[in-house]
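Colleague: can you look at this prediction? I've put the sequence above it.
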Amino acid sequence: MAELYALHRAELASYTTDDPGFGPLAFHERLPHAVERLRTHTRTAGCVGLQTHKEPAPRILANDDPAFLDWCKAAHQLVPEF
């Protein structure tokens, strides 16, 4: 999930040697918002509580679209690490 990746990268960036000291503070100020977004995402994915789970409705995606098949065959560049 992009939210977890963004949190990981933000936390790493907040402790770099060139940070004047506001990085950790900014990270922790934004963390509750990210946690709430993660809660919202997990609720819609079927996780409804600490001890309960509900199976989400299956999503069936069409995979015979010519544009999608062309995209699958294309070479994709990986983004270099931060």
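Modeller: The structure has been received and is ready for your questions. Residues are numbered from 1 along each chain as shown.
Colleague: not counting its own residues, what contacts the helix or strand harbouring Phe68?
Modeller: For Phe68, the host element (DSSP states H and E) is helix 66-73. Taking contacts as C-beta atoms under 8 Å, 6 or more residues apart in numbering, the residues outside helix 66-73 that touch it are Ala62, Asn63. For every residue, glycine as well, the C-beta is placed using N, CA and C.
Colleague: could you check it and say which residues are buried?
Modeller: Neighbour counts over helix 66-73 (16 or more other C-beta atoms under 10 Å) mark no residue as buried.
Colleague: please export the C-alpha coordinates of it as PDB.
Modeller: Output of helix 66-73 as PDB, limited to C-alpha atoms (Å, rounded to 0.1, in the frame of the first residue of the first chain):
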ATOM      1  CA  PRO A  66      -6.200  -4.600 -25.700                       C
ATOM      2  CA  ALA A  67      -4.700  -1.500 -24.000                       C
ATOM      3  CA  PHE A  68      -4.200  -3.500 -20.800                       C
ATOM      4  CA  LEU A  69      -2.600  -6.400 -22.700                       C
ATOM      5  CA  ASP A  70      -0.200  -3.900 -24.400                       C
ATOM      6  CA  TRP A  71       0.600  -2.400 -21.100                       C
ATOM      7  CA  CYS A  72       1.500  -5.800 -19.700                       C
ATOM      8  CA  LYS A  73       3.900  -6.500 -22.600                       C
END
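Colleague: all good on my end, thank you.
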